[in-house]
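Undergrad: Provide a 3D model corresponding to the input given below.
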Amino acid sequence: MRDWKKWAKAAGIRAVKTVAQTAVATIGSAAVLSQVDVKMVVSAAVLAGILSLLTSVAGLPEMEINT
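TA: Numbering: from 1, shown residues only. Below you'll find the model as predicted:
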């Protein structure tokens, strides 16, 4: 049985890191083009966070699987 609290914490940490990395990358790319669109940065970062959570459903290497 999966420990949902532990999974939620690990998935949340991973999603927050993904959101931050995506925001930094998007801002960096937009800065090169001399135009940072906040809506684009936020939407890309939120989408990355959602995708990270969905990917975590398949499993997290941070969690030990007790079989």
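
Undergrad: roughly how far out does the helix ranked longest in the chain sit from the chain middle?
TA: Taking DSSP state H as the criterion, the chain has its longest helix at helix 4-32. Its chain's C-alpha centre and that of helix 4-32 lie 3 Å apart, by Cα atoms, centre = their mean, to the nearest Å.

Undergrad: so where's this protein shaky on pLDDT?
TA: Scanning the chain with the threshold set as pLDDT under 70 gives 1-2, 33, 62-67.

Undergrad: cutoff 50 now
TA: For the chain, residues meeting the criterion pLDDT under 50 lie at 1, 67.

Undergrad: Could you measure from residue 53 over to residue 47?
TA: Remark: distance between residue 53 and residue 47 (Cβ to Cβ, to the nearest Å) = 11 Å. Every residue, glycine included, has its C-beta placed from N, CA and C.

Undergrad: and these two? which has more neighbours close in?
TA: Counted by other Cβ atoms under 10 Å, residue 53 and residue 47 do not tie: residue 53 has more neighbours, with 15 against 12.

Undergrad: show me what contacts the closest residue to that one other than its chain neighbours?
TA: Spatial nearest neighbour of residue 53, chain neighbours left out: residue 15 (5.1 Å); criterion: Cβ to Cβ, 6 or more residues apart in numbering. Each residue near residue 15 by Cβ atoms under 8 Å, 6 or more residues apart in numbering is listed here: 49, 50, 52, 53, 56.

Undergrad: can you tell me which of those residues are in helices?
TA: Those of the contacts of residue 15 lying in helices (DSSP H): 49, 50, 52, 53, 56.

Undergrad: Can you lay out the contacts of residue 15 as JSON lines showing distance to residue 7?
TA: Converted to JSON lines, these look like this (distance: Cβ to Cβ, whole Å):
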{"residue": "49", "distance to residue 7": "16"}
{"residue": "50", "distance to residue 7": "16"}
{"residue": "52", "distance to residue 7": "13"}
{"residue": "53", "distance to residue 7": "11"}
{"residue": "56", "distance to residue 7": "8"}
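
Undergrad: Thank you kindly, that will do.
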